[in-house]
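A.B. asks: Just need the structure, nothing else, for what follows:
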Amino acid sequence: MASKLPQTFHKLVATKLTPKFREAVQIKEVPMPTPGPHEVLIKNRFVGVNASDINYTAGRYDPDIKPPFDVGFEGVGEVVAAGDKAKVRVGQAVGYMSYGAFSEYKLVRAGTVVPLPSVSKAFIPLIVSGTTAAISLDKVGEIKNGETVMVTAAAGGTGQFAVQWAKQAGCHVIGTCSSEDKVQFLKSLGCDRPINYKTESVKDVLRKEYPDGLDVVYESIGGEMFTTCIKNLAKRGRLIIIGLITSYESHSKGLRSTSSLADLESIPSILLSKSARMSGFFLLDYGKDLIPYCKKLAELCGTGQLQSNTDQGETSPGGPLRGGRGLYQRGGVFIQWKKPWKGGCGAECSGKQTLRQQISPRTINAVLIKFIIIKTQGVKISVSMMQMMITLYVHGK
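C.D. replies: Now for the predicted structure:
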C-alpha cells in the first residue's frame, strides 16, 4: 500500500433502523485496509445520494437486516492501491456499486469496477439511476422501436435516463413532471409529450391523446399515478415498477402501496383483459447486467449522446451547494456557500471553512444531510426525499 495513505479513514455507518437518515447513521473511524490479490482500494471523489439510501436504512429492502451496517451504494473515484492480481492500475478513474460507498475510501473487488475516462460527477448518476432505467426498459419492458413509453417522475434522477434510453430505442416518450421548468428540461432530453400534472390532468391527456394506450410504463410514484398508468396500458402493455415515491416518507418497514384497496383489487382483471403484465424491478437482481450496461452508459455520456444531469442546489435557501467536501479529519469537512450559513448548532460557515473546527464530529453527519437542500429543475426538495441524485464531493489533502 502506498505510504502516503492515512492509517485510518471515516465512513458513515447505520446504527439503527429509521427512515430519518440523520438519526440512522453515525461517523466511524476505521483502519485503512490493504487490498487482497483481486481487490482495489478506491479514494472516493463523488458519491451518489438516492432514495434507496433511506429505504435501506429504514429496513424496507431487508426487514431482517440488523445494524450496524455500511451505507451508500455508488461512488466514483480513483484507485490508490491494488492487489497483485487486479487488472486495474493505480491512478485509474473508476465507478462502482457496492454497499458502503459513503466513505472516504472503499475496498472493492477489481472485477466489479467500471473504468472511466476521468473522475467526473457526470458519471455518478449512471451507476444506479442510469442502469436501473436502461436494464429495466430492455430486460423487463422489452421496449421496441415505434412503441409509446410513459415515464413517471421523468425529470428525476432515474427518469431522465429512462426518457433518453427510450428515445434512443425509437420510442415515443411521455414524461410526467411537476413544474414548467421540468417541462422544458424534459423537452431538452427529447421527451415528446411532457405532462405537468400540476396544470394538466394526466388521465385526460392519456384519454384524449393516447386512446390506444401505453405500450410500456416506467413507474416510480405509486398511489393515484400508478392506478392511472395501469388503467391506460395498451394491449400486451408492460408496466415496470422501479419505486414507490409516495411511500418513502412513511415510518413503516417494507414498501407499502398507497393505492386504494378497490384499485388494487381491479389489477388482475385489467391485466387479464389486455394480456398485459406488471413487473417489479430491483437492480441487484440483475447484477450480471450492471457492468456491461454501466460501460455502455459511460460511453454514451462521454461522447455526448447521453445527458447526465446532477443538481447541487443552486437556488436552495442557504445559497448554492458546491458540495459537502469530506474529509472528516484529513482535509476537514467543507461546505461552500455564496452566503454565510448558520447551522442548527449555531456555527456559521462560509467560503471553505472547516466544519470540524466548529462542530463536534458527532454532529457532522447531521450537518451534511440536514442542511443540504437540493433542487430538481426548479422545485426545492429536501434531502429526506432524495428523489434526485446529488453529489457529495470528497477530497482529501
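A.B. asks: Now do the helix or strand where Arg238 lies: which elements does it pack against?
C.D. replies: Secondary structure assignment for Arg238, by DSSP states H and E: strand 233-241. Applying 3 or more C-beta pairs under 8 Å, 6 or more residues apart in numbering; DSSP states H and E, one finds that strand 233-241 contacts strand 214-219, helix 223-231, helix 261-274, strand 277-280. (Each C-beta comes from the backbone N, C-alpha and C, glycine too.)
A.B. asks: looking at those, which is closest to Pro37?
C.D. replies: Closest to Pro37 of the helices and strands packed on strand 233-241 is strand 277-280 (C-beta to C-beta; 37.3 Å).
A.B. asks: partner strands of the closest one, parallel or antiparallel?
C.D. replies: strand 233-241 (parallel) (DSSP bridges).
A.B. asks: Alpha carbons of the partner strand, in CSV - could you do that?
C.D. replies: The C-alpha coordinates for strand 233-241 follow below in CSV (Å, rounded to 0.1, in the frame of the first residue of the first chain):
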residue,chain,number,x,y,z
LEU,A,233,-52.0,0.1,-20.6
ALA,A,234,-52.3,-0.9,-24.2
LYS,A,235,-52.9,-4.5,-25.3
ARG,A,236,-49.9,-6.5,-24.3
GLY,A,237,-48.7,-3.5,-22.4
ARG,A,238,-45.9,-3.7,-19.8
LEU,A,239,-45.7,-1.7,-16.5
ILE,A,240,-42.4,-1.7,-14.7
ILE,A,241,-42.4,-0.7,-11.0
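A.B. asks: Can you give me the end-to-end span of stretch 280-296?
C.D. replies: 23 Å (C-alpha to C-alpha, to the nearest Å).
A.B. asks: what comes up buried for it?
C.D. replies: Going by neighbour count (16 or more other C-beta atoms under 10 Å), the buried part of stretch 280-296 is Phe281, Leu283, Tyr286, Asp289, Leu290, Ile291, Tyr293, Cys294.
A.B. asks: Specify the residue ranges that define each domain of this structure.
C.D. replies: With domains defined by automatic domain parsing, the chain comprises 8-119, 127-285, 324-393.
A.B. asks: The second one: how far from the chain's middle?
C.D. replies: Right, the one you point to is domain 127-285. 17 Å (C-alpha atoms, centre = their mean, to the nearest Å).
A.B. asks: From the opening residue of that domain to its closing one, how far?
C.D. replies: Using C-alpha to C-alpha, first and last residues of domain 127-285 are 15 Å apart.
A.B. asks: ok so, going back, which of the domains of the chain sits closest to Asn309?
C.D. replies: It's domain 127-285; of those, that one is closest to Asn309 (C-beta to C-beta) at 5.8 Å.
A.B. asks: I'd like the average pLDDT over the longest strand along the chain.
C.D. replies: Longest strand in the chain by number of residues (criterion: DSSP state E): strand 39-49. Mean pLDDT, computed over strand 39-49, is 92.
A.B. asks: partners of it in the sheet?
C.D. replies: Short version: by DSSP bridges, strand 39-49 pairs with strand 74-82 (antiparallel), strand 105-109 (antiparallel), strand 390-393 (antiparallel).
A.B. asks: What residues of the helix or strand following it count as buried?
C.D. replies: Counting by DSSP H and E, the next helix or strand C-terminal to strand 39-49 is helix 51-57. Going by neighbour count (16+ other C-beta under 10 Å), the buried part of helix 51-57 is Ala51, Ser52, Asp53, Ile54, Asn55, Tyr56, Thr57.
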